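Student: Make a model of this:
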Amino acid sequence: MDPLTRKIITILRHNGRASYADIARELSTTRANVAARVNPLFHSGELRVVAAPHPRVLGLCVSAHLSIRIKGDPRLVLQKLEALDSLSLITTVVGAYQVVADTDVRDMDELGQQVAMIRAIPHVTDVQVLIYRRVLSSFFPGPAPNADPLAFDDYDIAIIKRLQQDGRASYADLAENAGLSLSGSRTRLQRLLESGLVQIGAIPQRGDMTDDLVFGIGVNVEGTVDRLVRLFRAQAGLEFIASTVGRLDVVSTVSFTSLRDFNKLIESIVKLPEVSYCEQWLHSRLLRERYERAVDSILRSEGEPRR
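Tutor: The predicted structure is shown next:
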C-alpha cells in the first residue's frame with residue numbers, strides 16, 4: 001500500500017465520514033486522487049466504515065487485554081473465542097503468547113468468569129489479564145465518555161442502526177430512516193459524535209497480515225508514563241495505547257511500513273530512563289476487529305423523544 005493511501009485510511013479511521021474534498025485538502029492532493037485510492041477498497045470490502053456506540057454506553061464498564069498461551073493446535077481455541085461476542089479483537093501473534101484478545105464486559109465478576117472459561121478450553125495453558133485502566137488512544141478517541149446526562153431516544157437509535165449498516169450514509173438517508181428532518185438528523189449525529197458516545201471510523205479488513213507489520217508493544221515504567229506516551233503518539237501508525245493494571249504498565253499497537261521503523265521505535269523506548277522492561281509481539285493473523293455492537297441494551301431516555 002502506498003504512503004498516500006495509508007494517510008487517507010488514517011484520516012478515515014478517526015473520521016469515517018470525512019469528505020474526499022476535505023481529505024484532499026489536508027493531504028495536498030485532489031479529490032479524484034483520494035477517490036481513486038479509496039473507492040476500490042470500499043467496493044472490495046477491504047475497508048469498512050462502521051459506527052459504534054462506546055462500550056460504556058452499553059453498560060460495559062471493564063475492558064481488558066488477554067494474552068493466551070496455547071499448546072498444540074490453536075483452531076479449537078480460536079473457534080471458542082470467536083463465539084464470544086464480548087471480544088472486540090482476536091488475533092494470532094508471534095511472541096511469548098499465541099493469541100491476544102480484547103474484551104469488554106460489565107464488571108469484574110463477568111471478567112473473572114470469562115477468563116476461567118477460556119482457561120478451561122483444551123490446549124490453553126495460560127491466560128494473562130491486563131485491565132485497561134485508561135485508554136489513551138483507540139478506535140474511540142479521547143477518554144471514556146460520561147453517558148449519564150445524555151440518554152438515547154428512538155430517533156438516536158434509528159440513526160445509529162442505519163450507520164452500523166453504512167457509516168457514510170447521507171444525512172438525507174438518515175433523516176428518512178429515522179423519520180426526522182434533514183437538519184434534525186444532522187444535529188443529532190453531530191451531538192452523538194461530539195459527546196464521544198458514538199464513533200464512526202474506517203476499519204481495514206486485514207485477515208492474513210501479509211502486507212502489514214502490526215506490532216503490540218508492552219512496557220513497564222518506573223515513574224511517569226508521559227514521555228513514553230508522547231513517543232507513541234508521535235508514531236504515524238499508532239492504533240492503540242492504554243495504561244494497564246497487571247504485568248505491564250502500558251500496552252500499545254502500532255503499524256509500521258518497515259522493520260527499520262519498528263526497530264527505531266523500540267530503540268527509542270528502551271533508551272528512556274524510566275522504562276524498565278519492553279516486550280513486543282507481531283500480529284500475524286487478524287480474526288476479528290469489531291467495535292459495532294447491537295444497541296438493544298443502550299441507555300434510553302425517559303418520556304417523549306426529542307425531535
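
Student: quick one: the helices in the stretch 1-150 of the chain?
Tutor: In the stretch 1-150 of the chain, the segments counted as helices under DSSP state H, counting those that start in this stretch are 3-14, 20-27, 31-44, 75-82, 108-119.

Student: how far off helix 75-82 does the last one point, in degrees?
Tutor: Helix 108-119 runs at 160 degrees relative to helix 75-82, counting by axes from the mean of the first three to the mean of the last three Cα atoms, to 10 degrees.

Student: tell me what helix 108-119 is packed against?
Tutor: Contacts defined by 3 or more Cβ pairs under 8 Å, 6 or more residues apart in numbering; DSSP states H and E place helix 108-119 against strand 62-70, strand 99-105, strand 124-137. For glycine as for every other residue, the C-beta is placed from the backbone atoms N, C-alpha and C.

Student: Can you say which of the ones you listed is nearest to residue 82?
Tutor: strand 99-105 (10.0 Å; Cβ to Cβ).

Student: quick one on the thing from earlier: which of the helices and strands packed on helix 108-119 sits most buried?
Tutor: strand 99-105 (a mean of 23; mean count of other Cβ atoms under 10 Å).

Student: Can you tell me which helices and strands it packs against?
Tutor: strand 62-70, helix 75-82, strand 87-94, helix 108-119.

Student: what ranges do the helices span in the stretch 151-300 of the chain?
Tutor: Counting by DSSP H, counting those that start in this stretch, the helices of the stretch 151-300 of the chain are 154-165, 171-178, 182-195, 226-233, 259-271.

Student: got CSV for those, with mean neighbour count too?
Tutor: Output for the helices of the stretch 151-300 of the chain, formatted as CSV (neighbours: other Cβ atoms under 10 Å):
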stretch, mean neighbour count
helix 154-165, 19
helix 171-178, 18
helix 182-195, 16
helix 226-233, 16
helix 259-271, 14
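
Student: Where does the prediction get shaky in the stretch 1-150 of the chain?
Tutor: 142, 146-150 (pLDDT under 70).

Student: how about a cut-off of 90?
Tutor: 1-3, 6, 45-46, 50, 53-54, 56-59, 72-73, 140-150 (pLDDT under 90).
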